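Colleague: sharing a model that was predicted from the sequence below.
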Amino acid sequence: MGTLFEDLKDYCKKHDMIQKGDRIIAGVSGGADSVCLFLLLQEWKEKMDLDLSVIHVEHGIRGDESREDASFVQQLCEEAGIPCKVTAVSAPVFAKEHHLSLEEAARSLRYRAFEEYRQELQSETPEKRVLLATAHTRGDQAETVLFHLIRGSSVKGLKGIQSVQSGLIRPLLFAKRGDIVAYLKEKNAAWREDPSNTDTTYARNKLRHDVMPVLESICPGAEGHIASAAEDLGELEDYLETETKTALTKCLTAEIPLVIKKEPYETYQTLMKRRIVYEAIAAAAGSKKDIERSHVEAVIDLMENQSGRQLSLPYDVNAQRIYQGVRLVRLHTAAKEQTRGKTPEEMQKLVQMRVFDRPNDLLIPKKKYTKWLDYDKIKNSLQVRTRRSGDYLQIDDTGGKKSLKKYLIDEKVPGEERGDLPLLCDGDHVVWVIGRRVSAYYKVTDETKRIIEVLYIGGLENE
């Protein structure tokens with residue numbers, strides 16, 4: 001085995017990572033791994049005619065220590081004559097606003113800053129490739145694979161960290177921590193220590209400091225074996241991804257609502273069926289986050305049921321067994337499509353209403369698109385329309401109110417979808433956000449004498 005520098009060159013060549021004349025941005029935190037990456041790239045800079053610069057993200061988490069990390073990186077770059085950009089963010093504020101862990105928030109903000117800087121430099125030099133290099137190591141790879149494995153993951157998750165990914169490169173993904181530290185000592189290079197990296201209340205740190213040493217004691221070289229397996233699984237996933245794309249063209253309709261067609265779907269083995277269903281749910285939902293194996297298995301089971309059966313999935317997606325297979329539709333998307341381009345008169349035809357006296361044996365239907373309301377509380381004519389300024393709902397029995405705008409934000413309805421949502425309104429008072437919430441003011445109570453039943457025709461069957 002050669003020096004760390006020679007090993008890095010071989011690894012980059014194997015993965016076609018860096019080419020002569022590339023513009024490279026190194027993400028440098030000040031820790032041992034990132035300082036090592038910086039020095040290795042600097043060593044390679046002249047031979048490869050690389051245009052090297054650095055970005056450091058100060059996350060606003062550790063006060064003076066964090067700012068000292070930024071100063072350390074700036075000084076390191078200044079001494080080497082390398083441009084350095086420092087971006088300050090507030091991970092605690094972002095975490096609170098987006099309901100994320102501090103770790104997730106910091107990562108999200110860090111990669112956002114990385115990509116913004118990469119795009120900025122790319123626009124300056126469109127003739128060059130601009131790549132962002134991070135200092136992930138073999139240890140990080142092993143920890144990532146283990147973390148995904150114990151949380152429950154498909155092959156895709158077990159391939160771990162990718163060496164090359166959409167403008168992002170990881171030149172040190174082959175390197176052991178011991179070799180990195182030895183290289184830094186040989187160069188008499190200083191680095192910063194982040195105390196939070198030893199805090200085992202974080203899952204990753206617990207894996208690093210408690211679990212990996214035990215695995216190494218059981219089987220020396222475990223870290224390397226896990227990292228090698230991740231590389232093999234990455235190649236397997238690349239093959240399966242190509243096969244899945246071909247299968248989706250045969251099994252999934254191109255138009256909305258999406259339908260997984262039973263006849264071609266049944267020709268595939270179980271592994272490919274899971275992948276088809278997963279991708280179909282994600283396409284209907286508009287996101288892959290929070291789609292779990294249990295959701296995939298539920299849709300696979302649904303395919304074996306008779307027509308008419310249905311189930312609810314994340315992101316308000318409804319899966320229904322129909323004659324052709326399984327139909328997947330995001331319910332509020334289905335509802336908003338009914339309002340687009342409609343005149344007020346046409347929108348009124350989207351609902352059917354009937355008024356009747358309250359029955360003695362009251363049994364209120366629990367359906368998404370059929371609602372019973374207190375008829376005598378309605379002050380104006382009920383209208384089906386989309387939102388307008390001043391709309392509000394009553395959110396509880398004490399009379400508390402919330403603007404429609406705030407309600408939709410709280411419910412995380414995407415901004416581009418809010419303008420098309422169908423609403424049943426009594427003046428500015430939103431009686432029913434169709435497919436979602438009824439204003440508390442209009443709910444049927446013990447004092448209700450007459451009931452108005454509203455059926456939204458645009459809803460799915462049996463909903």
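Modeller: Received, thanks.
Colleague: so which bits of stretch 380-394 are buried?
Modeller: 382, 384-387, 391-394 (16 or more other C-beta atoms under 10 Å). The way it works is simple: take the backbone N, C-alpha and C, and place the C-beta from them, glycine included.
Colleague: JSON lines for the residues you listed, including distance to Arg437, secondary structure and pLDDT?
Modeller: Below are these laid out as JSON lines (distance: C-beta to C-beta, whole Å; DSSP: H, G, I helix; E, B strand; the rest coil; pLDDT from 0 to 100):
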{"residue": "Leu382", "distance to Arg437": "16", "secondary structure": "coil", "pLDDT": "91"}
{"residue": "Val384", "distance to Arg437": "16", "secondary structure": "strand", "pLDDT": "90"}
{"residue": "Arg385", "distance to Arg437": "17", "secondary structure": "strand", "pLDDT": "90"}
{"residue": "Thr386", "distance to Arg437": "16", "secondary structure": "coil", "pLDDT": "89"}
{"residue": "Arg387", "distance to Arg437": "14", "secondary structure": "coil", "pLDDT": "91"}
{"residue": "Asp391", "distance to Arg437": "13", "secondary structure": "coil", "pLDDT": "94"}
{"residue": "Tyr392", "distance to Arg437": "12", "secondary structure": "strand", "pLDDT": "95"}
{"residue": "Leu393", "distance to Arg437": "7", "secondary structure": "strand", "pLDDT": "94"}
{"residue": "Gln394", "distance to Arg437": "10", "secondary structure": "strand", "pLDDT": "93"}
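Colleague: of all those, which comes closest to Tyr456?
Modeller: Val384 (8.4 Å; C-beta to C-beta).
Colleague: how many residues are close by the closest residue to the closest one other than its chain neighbours?
Modeller: In space, and not counting its chain neighbours, Val384 is closest to Met347: 4.5 Å by C-beta to C-beta, 6 or more residues apart in numbering. Met347: 18 surrounding residues under other C-beta atoms under 10 Å.
Colleague: from Gln383, how far off is Met347?
Modeller: When distance is defined by C-beta to C-beta, to the nearest Å, Met347 is 8 Å away from Gln383.
Colleague: and Pro195, how many residues sit next to it?
Modeller: Residues near Pro195, counting by other C-beta under 10 Å: 8.
Colleague: on that earlier part again, might you report the residue contacts of the residue nearest to Val384?
Modeller: 339, 383-385, 422 (C-beta atoms under 8 Å, 6 or more residues apart in numbering).
Colleague: okay, those in TSV with distance to Ser166 next?
Modeller: Compiled in TSV, these are given as follows (distance: C-beta to C-beta, whole Å):
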residue	distance to Ser166
Thr339	37
Gln383	47
Val384	44
Arg385	42
Pro422	38
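Colleague: determine which two of those residues are furthest apart.
Modeller: Spatially, the most separated pair among those is Thr339 and Gln383, at 12.1 Å (C-beta to C-beta).
Colleague: now do the nearest residue to Glu78 once chain neighbours are set aside, the pLDDT please.
Modeller: Nearest non-adjacent residue to Glu78, counting by C-beta to C-beta, 6+ apart: Cys84, 7.3 Å away. Listed pLDDT for Cys84 reads 96.
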